[in-house]
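Novice: How does the following fold in three dimensions:
(4 chains)
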Protein chains: 2
Amino acid sequence: MSGFTRYNKILNLFSEQRSSWTVLEISDELKTPSSTIYRIVRELVLAEFLESAAGAYFRLGPAFIKFNRIINLSDPLVRTGQPFLKKLANENPIESVNVLARLYGNKVMCVADYKTPFFKNNTSYQKGKLMPLIYGATSRAIIMKIVGKNLEDLLKQEIFYDDNDKDTFFKNLKNDNKKGYCKTEGQVDKGLIGFAVPINNKKLGIEASLSSIFNSIDFLPEHEPIIYANLTSYSLLIERYINQIFDDIQNYHQKSS
Amino acid sequence: MSGFTRYNKILNLFSEQRSSWTVLEISDELKTPSSTIYRIVRELVLAEFLESAAGAYFRLGPAFIKFNRIINLSDPLVRTGQPFLKKLANENPIESVNVLARLYGNKVMCVADYKTPFFKNNTSYQKGKLMPLIYGATSRAIIMKIVGKNLEDLLKQEIFYDDNDKDTFFKNLKNDNKKGYCKTEGQVDKGLIGFAVPINNKKLGIEASLSSIFNSIDFLPEHEPIIYANLTSYSLLIERYINQIFDDIQNYHQKSS
DNA sequence: CATATTTTCTTGTATTTTGAGAATTTTAGT
DNA sequence: ACTAAAATTCTCAAAATACAAGAAAATATG
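Specialist: The predicted model follows:
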């Protein structure tokens, strides 16, 4: 264990399910002497990446809140897309969850969301949550724009039920890519139906998607054209604004140099 | 530069004002050879603490969004206090921003906020933002519960205008502590008036405050009793719930061992 | 106040990091 | 597609530091 890994391994122990650890527990889990863990944890506490809680327990520290805020204020995707989510939600014909998601390693992560006030279900799509790569429209709208070796690398670790399953997946991917949007039902959460379109910006390295998720019960076939029209127009808007931001950044850097 | 410091120094360059850096810029800023920075940045990118953006620039990565979410779901203060902020806001007689803040090193950080829909001003109080230690009711409600050497250490780096200024500060602190709440006007943002009460839990190591901030124009003296009543009752509620969580954690750990 | 637990400290040794420059890859302009 | 510039990775020996084991100190607990 060397370099950043030694810090990252410890930080990654902290999860939704288990948000506090003692040094001894960490030491057990990572099979590393406790004197070493004490030293590393002390460093992380000093940098506010961890903080000590009651009874020798440690939990994630406020540095993450601070940096998260900076991302919200400056990340071009979040900054641009966030304000449009509410508008999109209001134009949808039924109650919805609306999500901006992007590629994160070989998972998909929601980076902004807006739920209409009376949406009944709890979706898995919440800001910061990692989602599976091969299920759900949100994810598929992202990967359908990736091709060749990049796609291969990305899917390398995914396990399909059988070859037939795999073929179907790739066929759907191709079809959706032709159509320009995705629709899936119940792949991530039972009782929910999702629609998604891709958002891309090659220069800024953005591989993302915009999606609206509904309760299957509320959904009627006649809603579909409106949903697609909304998603498509907002995704174009967001892409255009992101380009704008890119130009601004360029200008800024040119001026300052 | 050794240990976690070398990573932290780089991460801390990324700010609201300047959210993307090239390796060469970092190398200049930290007076460290670029080959070294390249290696460190590569590690941080691998761990998703940074990500590469357009034109050789790097920005903060999605790891912060992920960990921030875990904190939101598990931090006892955020988890407990968040839902009460909206209720508090609705019971206030005028439009308000309501804030949960806590000590973060020798600054104060807002960890949760709720603004009523028609509040006009933009407060400095946003989730994740670091606030000055000696200005504003929000901060004072926190430090007024800290005593002796701890207080000294905390204020060591603060610079007062003159001795008179310093005396006034400590006198106010003492007074507020007696009353159990703070009120300041225009110390952080012009045109805003803030009220705050402390929230503490020694066992969980929580030193925090709950505050309501209003536009001075909206505020009338007869609102004051209601504001204090609300703040006081909600702070007690939050403290009680946090205690509850503490017991739950205790039980959980006892069961699993 | 005594005991158990948590945390820091000490040490020689093993491992990792470092930085300068060369080598390679990527990018952007023609 | 070619070329020049820029960005990134690689190499290696010297320097720095992280490591583990246990002792010592500090802190919590009953």
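
Novice: use CA for all of it now, contacts and neighbours both
Specialist: OK.

Novice: and the stretch 101-250 of chain A, which of its residues are near chain B?
Specialist: Residues of the stretch 101-250 of chain A found near chain B (Cα under 8 Å from any Cα of the partner chain) are A:104-105, A:111, A:127-130, A:203-205.

Novice: repeat that with 7 Å
Specialist: A:104, A:128-129, A:203-205 (Cα under 7 Å from any Cα of the partner chain).

Novice: Go through the residues you listed and flag which are in strands.
Specialist: A:Tyr104 (DSSP state E).

Novice: Of the residues of the stretch 101-250 of chain A next to chain B, which one scores lowest on pLDDT?
Specialist: Least confident of those in the model: A:Lys203, at 73.

Novice: Can you classify whichever residue of the stretch 51-200 of chain A sits closest to DNA strand D as helix, strand or coil?
Specialist: As assessed by Cα to the nearest atom of the strand, DNA strand D sits closest to A:Gly55 within the stretch 51-200 of chain A, at 4.9 Å. Here A:Gly55 is coil, with the state taken from DSSP: H, G, I helix; E, B strand; the rest coil.

Novice: residues near it, how many?
Specialist: 11 (other Cα atoms under 10 Å in any protein chain shown).

Novice: same check, this time on A:Asn90
Specialist: A:Asn90, neighbours per other Cα under 10 Å, totals 13.

Novice: for it, what are its contacts?
Specialist: If you count contacts by Cα atoms under 7 Å, 6 or more residues apart in numbering or on different chains, A:Asn90 has none.

Novice: What of A:Asn92?
Specialist: A:Asn92 neighbours (Cα under 7 Å, 6+ apart): A:Ile227.

Novice: Repeat the analysis, applying 8 Å as the threshold.
Specialist: Neighbour list for A:Asn92: A:226-227, A:230 [criterion: Cα atoms under 8 Å, 6 or more residues apart in numbering or on different chains].

Novice: Please, where are all the strands along the stretch 151-257 of chain A?
Specialist: All strands of the stretch 151-257 of chain A, identified by DSSP state E, counting those that start in this stretch, fall at A:182-185, A:192-201, A:206-215.

Novice: Is my assumption valid that A:Tyr135 occupies a position in a helix?
Specialist: No: counting by three-state DSSP, A:Tyr135 is not part of a helix but coil.

Novice: Roughly how far does it sit from DNA strand C?
Specialist: For A:Tyr135, the distance to DNA strand C equals 29 Å [Cα to the nearest atom of the strand, to the nearest Å].

Novice: Also A:Ser19?
Specialist: 16 Å.

Novice: Kindly report the same for A:Met1.
Specialist: 5 Å.

Novice: What of A:Ile37?
Specialist: Taking Cα to the nearest atom of the strand, one finds A:Ile37 at 8 Å from DNA strand C.

Novice: Check A:Leu13 too.
Specialist: For A:Leu13, the distance to DNA strand C (Cα to the nearest atom of the strand) stands at 16 Å.

Novice: so what's that residue up against?
Specialist: A:Leu13 neighbours (Cα under 8 Å, 6+ apart): A:Ile26.

Novice: Then the one 3 residues further on?
Specialist: Remark: with contacts taken as Cα under 8 Å, 6+ apart, A:Glu16 is in contact with B:70, B:73-74.

Novice: And the pLDDT at it?
Specialist: Looking at A:Glu16, the pLDDT reads 88.

Novice: mind checking the SS state of it?
Specialist: Per three-state DSSP, A:Glu16 ends up coil.

Novice: A:Phe58 falls within a strand, correct?
Specialist: Yes: under three-state DSSP, A:Phe58 sits within a strand.

Novice: number of nearby residues for A:Pro57?
Specialist: Check again: residue A:57 is Tyr, not Pro. Going by other Cα under 10 Å, the residues that sit close to A:Tyr57 add up to 16.

Novice: contacting residues around it?
Specialist: A:20-23.

Novice: picking up where we left off before, ramachandran coordinates for the residue of the stretch 51-200 of chain A closest to DNA strand D?
Specialist: Main-chain dihedrals, A:Gly55, degrees, to the nearest 10: phi 60, psi 50.

Novice: if I look at it, how far off is chain B?
Specialist: 8 Å (Cα to the nearest Cα, to the nearest Å).

Novice: wait, doesn't A:Gly186 sit right on A:Ile193?
Specialist: Yes: in terms of Cα atoms under 8 Å, A:Gly186 counts as a neighbour of A:Ile193; the distance is 6.1 Å.

Novice: Which of the two has more residues huddled nearby?
Specialist: A:Ile193 (23 against 14).

Novice: returning to what we had before: of the contacts of A:Asn92, just the buried ones, ChimeraX syntax please.
Specialist: Buried residues within the contacts of A:Asn92, by 16 or more other Cα atoms under 10 Å in any protein chain shown, are selected in ChimeraX with:
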select /A:227,230
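
Novice: Of the contacts of A:Asn92, which fall within the contact range of DNA strand D?
Specialist: The subset of the contacts of A:Asn92 within reach of DNA strand D, by Cα under 7 Å from any atom of the strand, is empty.
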